[in-house]
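Student: I need the structure of the sequence given here:
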Amino acid sequence: MRHRRNTTKLKRNTAHRKSLLANLACSLIQHGRIKTTFGKAKALRPVAEKLVTQAKRNDLHSRRLAIAFLRQKDAVSTLFDKVAPAAANRQGGYCRITKLGQRMTDAAPMAIIEWVDQPEVESDELVEAVEETPKAEAAAAE
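Tutor: Next up, the predicted model:
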């Protein structure tokens with residue numbers, strides 16, 4: 001039975017899903033705001049919030065755990081130096097997910113995930129974590 005097994009699989013095996021979530025978390029940490037599908041954003045939120053809670057402890061063990069998960073030292077330093085101090089007096093709820101509607105090419109529901117305590121990011125700096133298809137680029141060019 002599946003009682004209390006709440007892992008969102010995202011149609012990927014375990015290793016692929018872990019690396020996908022690690023890469024999405026690194027992009028979120030570095031850019032502060034990313035555009036991705038709604039399912040990936042919902043799967044990313046608990047991962048990102050646990051990383052911020054670890055970073056708020058700010059000791060060597062938590063830093064090593066973050067490096068082991070993210071595998072990018074510059075993202076870990078940004079997490080510990082900028083993101084965690086900004087959320088120091090917040091007890092949880094570090095991320096915000098905003099629905100955007102459907103993607104034009106495949107009608108996938110899209111969303112923006114961002115930090116609650118970060119300053120506003122300009123729309124030009126928005127990073128898309130999902131690759132654009134050639135049809136979308138051709139439609140945008142027209």
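Student: What separation do you get for A108 and H16?
Tutor: 18 Å (Cβ to Cβ, to the nearest Å). Quick note: C-beta positions are derived from backbone N, CA and C, even for glycine.
Student: Give me the more crowded residue out of those two.
Tutor: A108 (14 against 11; other Cβ atoms under 10 Å).
Student: Please name the nearest non-neighbouring residue to the more buried one.
Tutor: Excluding its sequence neighbours, the residue lying closest to A108 (Cβ to Cβ, 6 or more residues apart in numbering) is T37, at 5.1 Å.
Student: Quick one: residues contacting that neighbour.
Tutor: 103, 108-111, 130 (Cβ atoms under 8 Å, 6 or more residues apart in numbering).
Student: ok, now with 7 Å
Tutor: Contacts of T37 were listed using Cβ atoms under 7 Å, 6 or more residues apart in numbering, and they are 108-111, 130.
Student: ok, now L28?
Tutor: Taking Cβ under 7 Å, 6+ apart as the test, what L28 contacts is 34, 44, 48, 113.
Student: Among these, which lie within strands?
Tutor: Among the contacts of L28, the members found in strands (DSSP state E) are 34, 113.
Student: which other residues reach the longest helix belonging to the chain?
Tutor: Using DSSP state H, we find that the single longest helix of the chain is helix 38-57. Helix 38-57 has contacts (Cβ under 7 Å, 6+ apart) with 8, 10, 21, 24-25, 28, 62, 65-66, 79-80, 83-84, 87-88, 92, 94-95, 97, 99, 109-111, 113.
Student: could you flag which of those residues are buried?
Tutor: 21, 24-25, 28, 62, 65-66, 79-80, 83-84, 87, 94-95, 110-111, 113 (16 or more other Cβ atoms under 10 Å).
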